[in-house]
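Peer 1: need coordinates for the following:
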Amino acid sequence: MADVCILYARGDARKQAAKLAELISSRWSVWWDVKIDVGDYRREIHKQLSLAGCVVPIWSASAEFSDVLHDELSLAAKRGTPILPLRIQEVSAPLGFGALQMTDAIGWTGADRSSEVLDHINRVARVLEERKTSVARQPALALGTGIALPSLFFSVSSYETRLSPGSAVDALNLFGARTVLISAYDFDRDRSPPRGLLPTVKEMRSRGTTVLLDSGNYEKARRSDQKWTLKKYHEILARVPHDAAFCFDDVDPPTNPTRAIIALLKAITRDQKQTKQPIIPVVHLARDRSGNYRSDMAAELMKQVARESRPVLLAIPERELGLGIFARAATMRKIREALNTLYYYQPVHVLGTGNPASIAMLAAAGADTFDGLEWCRYVADGETKTLHHFHLYELFRWQDALASSPVTQAAHVDPDARYAARTVFHNLDFYTRWIDELQLALLDDKRLVEFMTGLLPKNTMILARQALPGVL
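Peer 2: Numbers count the residues shown, from 1 in each chain. This next block holds a predicted model:
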């Protein structure tokens, strides 16, 4: 990723583009088309325009009516990338870009350092410095119909849950869950998936639910199922509707960081060919000699993958962030600080996190979305925000009379409602309301401290402050 992307029309501005690149590169990284040696020009320019800190187009006679330049500028504008034109000839800007503030360096041939060009470079520097310090958490994720952040995706799996995938999807559909994660593994025809599973997923999406499709490697690992393959995932990726899908991840990546990044980028490209929806990269970490994950590598790896692919979400498993929640929160904070050096906000998804305390800590540290099976494994106490064994639901059933969801309230008074149904609707109501509260808490520091103080015991809050200095 370059700080500055220079655009120009080759017919009459190549020399000026070269000189401009030379002058800017003394302070900032620069990309222009001379750096394309081989490969797909369109793909490369699309990538550079998406990641650049700003775009500097050169207005010249050839540029005024250049369709290619117009398309490139339109892409930069769509991405919200600042466009800072430099005019070297008495011409108008390409149609649609005349309102942009430009710097006039009429007659500049690229043979010297004109004062106008130097002034323009200073303007570029101001814009870049401002962008470096203004990356802020986004209020919503541009996925599906738009998701408020932070957000929890209710996971569905056939491994170690109280509900079968079919029953879980039915419950989520009836409840009207806004965000759901479903494993491709449970759509495998060799495993005889429930007949209603696919139609229900289609119905959920038609009603506005955002559906993420998981790679199935979680179930493969837990069941030691060698029959689950990339080929099967691609087949399901092509026929199961989704708003985004996780990359078919390698849980044992190369120990060399550069090789690990290259392998992951190839996997993203491979899987993206199978769907029109976004592919979410999953960053896995190598282990040290003791078998522990190299969490110290997480921040740089996440940043490099984000720079090279700019995904709608960038995922990492919670367990790989560290051995305990404070270590994990500290690692997540380092990841967020690294990602915030980019010129855009990169949302992070933490895989396998459904405990309220973990979600809150990691969200405070900078994570954005989560997924977890806790909603159909345990029962939540709405007062203490803690999880308990599934068979203890009756201790908290009284809370359902105060539920926000009419589905939860109806299950509470229905004598024919099954125990499991009452429990999961209780949990779904709790998590939905609690996530809304967390979103409000993250709007300002005072609210966040109050929220965390109510969530964590006094002594634990002291430790949390030490783990996240400057945050809590």
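
Peer 1: which parts of the chain belong to which domain?
Peer 2: In terms of domains, the chain is parsed into 4-132, 140-376 (source: automatic domain parsing).

Peer 1: quick one: end-to-end distance for the shortest one.
Peer 2: Domain 4-132 has an end-to-end distance of 13 Å (criterion: CA to CA, to the nearest Å).

Peer 1: ok, Arg162 - contacts?
Peer 2: Contact criterion CB atoms under 8 Å, 6 or more residues apart in numbering gives 376-377, 390, 420, 423-424 as the residues in contact with Arg162. Placement of C-beta: from N, CA and C, glycine included.

Peer 1: mind jotting down where the helices sit in the stretch 301-450 of the chain?
Peer 2: 325-339, 356-365, 406-413, 419-441, 445-455 (DSSP state H, counting those that start in this stretch).

Peer 1: want to throw the ones you listed into JSON lines with mean pLDDT and mean neighbour count?
Peer 2: Formatted as JSON lines, the helices of the stretch 301-450 of the chain follow (pLDDT from 0 to 100; neighbours: other CB atoms under 10 Å):
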{"stretch": "helix 325-339", "mean pLDDT": "95", "mean neighbour count": "21"}
{"stretch": "helix 356-365", "mean pLDDT": "96", "mean neighbour count": "24"}
{"stretch": "helix 406-413", "mean pLDDT": "96", "mean neighbour count": "17"}
{"stretch": "helix 419-441", "mean pLDDT": "97", "mean neighbour count": "20"}
{"stretch": "helix 445-455", "mean pLDDT": "91", "mean neighbour count": "16"}
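
Peer 1: looking at these, which is nearest to Val156?
Peer 2: Proximity to Val156 (CB to CB) singles out helix 419-441 among those, at 11.4 Å.

Peer 1: low-confidence ranges in this protein?
Peer 2: Low-confidence segments of the chain (pLDDT under 70): 1, 35-41, 144-145.

Peer 1: so which residue is dead centre in it?
Peer 2: Note on the chain: the residue nearest the mean C-alpha position is Leu313, at 1.8 Å, using CA atoms, centre = their mean.

Peer 1: pretty sure Met204 contacts Leu172?
Peer 2: Yes: with contact defined as CB atoms under 8 Å, Met204 and Leu172 form a contacting pair (7.0 Å).

Peer 1: which one's more surrounded, the two?
Peer 2: Just comparing Met204 and Leu172: by other CB atoms under 10 Å the higher neighbour count belongs to Leu172, 27 against 22.

Peer 1: would you mind measuring from the more buried one to His242?
Peer 2: According to CB to CB, to the nearest Å, Leu172 stands 14 Å off from His242.

Peer 1: quick one, what contacts Val449?
Peer 2: Leu472.

Peer 1: I should have written Phe175 there, sorry.
Peer 2: Neighbouring residues of Phe175 by CB under 8 Å, 6+ apart: 405, 407-408, 425, 428-429.

Peer 1: nearest to Pro193, of the residues you listed?
Peer 2: Leu428 (22.5 Å).

Peer 1: could you measure Leu362 against Gly352, distance?
Peer 2: 11 Å.

Peer 1: scratch that, Ala136
Peer 2: 27 Å.

Peer 1: more neighbours: which of these two?
Peer 2: Under the criterion of other CB under 10 Å, the comparison of Ala136 against Gly352 puts Gly352 first, with 17 against 8.

Peer 1: wait, what's in contact with the more buried one?
Peer 2: 218, 317-319, 371-372.

Peer 1: kindly report the same for Glu320.
Peer 2: 284-285, 293, 295, 298.

Peer 1: switch the cut-off to 7 Å
Peer 2: Taking CB atoms under 7 Å, 6 or more residues apart in numbering, we find Glu320 in contact with 284-285, 293, 295.

Peer 1: neighbour-wise, which of those residues leads?
Peer 2: Using other CB under 10 Å as the neighbour test, the contacts of Glu320 are led by Leu285, with 24 neighbours.

Peer 1: okay, now Pro278: neighbour count?
Peer 2: For Pro278, the neighbour count with other CB under 10 Å is 17.

Peer 1: what separates it from Gln272, distance-wise?
Peer 2: For Pro278, the distance to Gln272 (CB to CB) stands at 8 Å.

Peer 1: may I see the contacts of Glu320 arranged in TSV, with distance to Arg259 and secondary structure as well?
Peer 2: As requested, these are exported to TSV (distance: CB to CB, whole Å; DSSP: H, G, I helix; E, B strand; the rest coil):
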residue	distance to Arg259	secondary structure
His284	13	coil
Leu285	13	coil
Tyr293	17	strand
Ser295	19	helix
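
Peer 1: what about Thr255, how many neighbours?
Peer 2: As a burial measure, Thr255 scores 13 neighbours (other CB under 10 Å).

Peer 1: helix/strand/coil for it?
Peer 2: Secondary structure, DSSP: H, G, I helix; E, B strand; the rest coil: Thr255 is coil.

Peer 1: Phe248 versus that one, what's the distance?
Peer 2: Counting by CB to CB, the gap from Thr255 to Phe248 is 20 Å.

Peer 1: also His426?
Peer 2: Applying CB to CB, the value for His426 to Phe248 is 35 Å.

Peer 1: Tyr293 too?
Peer 2: Separation of Tyr293 from Phe248 (CB to CB) stands at 20 Å.

Peer 1: likewise for Ala315?
Peer 2: Going from Ala315 to Phe248 by CB to CB gives 13 Å.

Peer 1: reformat the contacts of Phe175 as a markdown table; add distance to Leu75.
Peer 2: Putting the contacts of Phe175 into a markdown table (distance: CB to CB, whole Å) gives the following:
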| residue | distance to Leu75 |
| --- | --- |
| Ser405 | 42 |
| Val407 | 44 |
| Thr408 | 46 |
| Phe425 | 45 |
| Leu428 | 40 |
| Asp429 | 43 |
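
Peer 1: now the farthest one out in the chain, which residue is it?
Peer 2: Gly107 (45.4 Å).

Peer 1: secondary structure class for that residue?
Peer 2: Secondary structure, three-state DSSP: Gly107 is coil.

Peer 1: quick check: closest non-adjacent residue to it.
Peer 2: Counting by CB to CB, 6 or more residues apart in numbering, Ile88 is the residue found nearest to Gly107 once chain neighbours are left out, at 7.3 Å.

Peer 1: that neighbour: neighbour count?
Peer 2: Count around Ile88 with other CB under 10 Å applied: 27.

Peer 1: quick one: residues contacting it.
Peer 2: Ile88 neighbours (CB under 7 Å, 6+ apart): 13, 16, 58-60, 105-106, 108.

Peer 1: try 10 Å this time
Peer 2: By CB atoms under 10 Å, 6 or more residues apart in numbering, Ile88 lies in contact with 8, 12-13, 16-17, 20, 58-61, 63, 103-110, 114, 116-117.

Peer 1: also Arg126?
Peer 2: Residues in contact with Arg126 (CB under 10 Å, 6+ apart) are Leu84.

Peer 1: what distance separates the helix or strand where it lies from the centre of its chain?
Peer 2: Assigned by DSSP states H and E, Arg126 falls within helix 115-132. Centroid separation between helix 115-132 and its chain, computed with CA atoms, centre = their mean, to the nearest Å, is 30 Å.

Peer 1: which parts of that helix are buried?
Peer 2: Residues of helix 115-132 classed as buried under the neighbour-count rule (16 or more other CB atoms under 10 Å) are 116-117, 120-121, 123-125, 127-128, 131.
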